[in-house]
Each structure stands twice: as C-alpha cells, then as structure tokens.
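> Sharing a model that was predicted from the sequence below.
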Amino acid sequence: MSNKNALLIINDLHAKIGDKTILKGVSLEINPGSVHALMGRNGSGKSTLSYTIMGHPKYEVSQGDIKFEGNSLLNLSPDERAKLGIALSFQYPVAIPGVTVLNFLKTSLKAVLKRDIPIKELRPMLKAKMQELEIKDEFLSRYVNDGFSGGEKKKLEILHLSLLKPKLAILDETDSGLDIDALKVVANGITSLNKEGTAILLITHYQRILNYVTPQFVHIFESGEITNTGNHELAFKLEEFGYEYFAKANPVASTNSTKEVNYVS
C-alpha cells in the first residue's frame, strides 16, 4: 500500500521512445526530505526515468502513473512540474552564450517563484551559497556554462537548486566529470540542500559520491527496472561485486518481471 504522505509516488511506470520501451514497470516512493540513490550502469534507463518524471516530451508514458503530493503529473508540462517544486540537474548542462549566470539565475527564480527578485535581495542569498560552493564573484558575469570546466558546471547546477529550494531535486549523474575536490564541494552542497528540506533522488554510476552524501535508500536499476533496494551499505556491496553480479543473482533483473524487488540490508 502506498504511503499517503509520500512526496513522490511512481507506480508501475512504463515509458518509451517511439517503439522502444525503456522503463518497464518502475515503482518508487520518496518521502519529503529523504535521500534516495539510484545506481545503474550505462543504458539501464536511469536518465530516462529522470526525464520522464520531469515531463520531457520525447518520452511517452504507456502505463502507470507519477504522483507528486497526491496528484498525477502526467498531463503537466515541464514548467508546470517545476512550479510545483520539482527540479532536475542535468548530467551534461548546456552552454547558453550571451546569457550571464546572474541573469539566468534571476530569470529562472522569477519563472518558478512567480515574482521578480530584486538584485539587493538576491545578492545576499547568492553570496552565502557561492561561498559554500567555493564560487568566485566574477562567476556571475560569465555566460552560462560557456567554457566552464566540469566542476564549474556542476557547481552552477547546485547553486541554482540552492536558490530554487525545490521540494524534490533529481540529480542526474552530478558526480560525473568531477575531480576529488570538486566532488566534495558539490556533495556538501547537496547535503545542505537536503538539510533545508529538499528530497533528493541522486542518480549515479559510482559509490564515491555516497562517501559524502548518505542516502537512506539505495536502489539498483537494471534494464528499466528497480531490481534491488537497500540502505547505504548496498552501494558498498555493489562496488565490491559489480552490476553484473546483481543482474545475474536477481530474478527480477533477468526476467524483466514486475514482481517485488529484493531488499538487501
């Protein structure tokens, strides 16, 4: 039985691109303020799940439902979902030449919060978050992601989320392309966001970011399904044994059925 207090409820979700089905019966519940890690290898459907939750028009839901605070999202556009309090951090943030970081942040805040934020109100908010993320002041005058390093792109994503303060943040491989120092800074930013009340769905290949962000739940994603769920120790077992071990050992993964997944403690 679903938890009526859950922030996000995904029930038997199937999604496809054209004739190709990618999600094959995903069910997941996320409570307010919780942290979930979704781990899977390339091509397993992790990013498809994030885009489907956000309402990307490329992905068609053929079965199941996504509910946020008790209401279905399926007929809502991406911007309507954003205004409800859902945010997606991209694996490969795009560059926007000609648009400064400051204008980008100010405009996106206005779109989601439905009010204009005066610069004198925005700058103190920015200053605190930028110090936390080790971002220099001149960063605000640069064009969005234009010539940015991998670490700078991901820091901007976390800065953006920190200002928006969404109810749910979906982080699609935020750790990719980060060196050790940048990883720690970004992870600390994610933790701060969670402490302020944002629920986190952290999508990743690797266990390393989970050294700094501790999830209550870890899910293994294989062939368009969640095949195993456990606490944070599952990530260490995955690091030790690899995805292939869990795929072979789990009847759900090998048969693509929608039976109850294995819980690993």
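Structure received.
> wait, Val65 sits on Ser72?
Just so we're on the same page, residue 65 is Asp rather than Val. Yes: using CB atoms under 8 Å, Asp65 is in contact with Ser72, at 5.5 Å. C-beta here means a position set from N, CA and C on the backbone, and glycine is covered the same way.
> Quick check: chain neighbours aside, which residue is closest to Leu201?
Distances taken as CB to CB, 6 or more residues apart in numbering place Ile170 nearest to Leu201, at 4.7 Å, with adjacent residues excluded.
> The one you found is in what secondary structure piece?
Following DSSP states H and E, one finds Ile170 within strand 168-172.
> elements contacting the helix or strand that that strand is followed by?
Helices and strands here follow DSSP H and E; after strand 168-172, the next one along the chain is helix 180-195. Applying 3 or more CB pairs under 8 Å, 6 or more residues apart in numbering; DSSP states H and E, we find helix 180-195 packed against helix 119-132, helix 150-164, strand 168-172, strand 199-204.
> buried stuff in helix 180-195?
Across helix 180-195, burial judged by 16 or more other CB atoms under 10 Å covers 182-183, 185-190, 193-194.
> how far off strand 199-204 does that helix point, in degrees?
On the basis of axes from the mean of the first three to the mean of the last three CA atoms, to 10 degrees, helix 180-195 is oriented at 150 degrees to strand 199-204.
> Can you list the neighbours in contact with helix 180-195?
Here helix 180-195 makes contact (CB atoms under 8 Å, 6 or more residues apart in numbering) with 33, 35, 129, 132-134, 150-151, 154-155, 158-159, 161-162, 165, 169, 171, 174-175, 178, 200, 202, 208-209, 211-213.
> Restricting to C-alpha, output it in CSV.
Extracted in CSV, the C-alpha atoms of helix 180-195 (Å, rounded to 0.1, in the frame of the first residue of the first chain):
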residue,chain,number,x,y,z
ILE,A,180,38.1,14.8,-5.9
ASP,A,181,38.0,18.4,-4.5
ALA,A,182,35.0,19.5,-6.7
LEU,A,183,33.2,16.3,-5.7
LYS,A,184,33.5,17.1,-2.0
VAL,A,185,32.2,20.7,-2.6
VAL,A,186,29.3,19.6,-4.7
ALA,A,187,28.4,16.8,-2.3
ASN,A,188,28.4,19.3,0.6
GLY,A,189,26.1,21.5,-1.4
ILE,A,190,23.7,18.6,-1.9
THR,A,191,23.8,17.8,1.8
SER,A,192,23.0,21.4,2.6
LEU,A,193,20.1,21.4,0.2
ASN,A,194,18.7,18.3,1.8
LYS,A,195,19.1,19.8,5.3
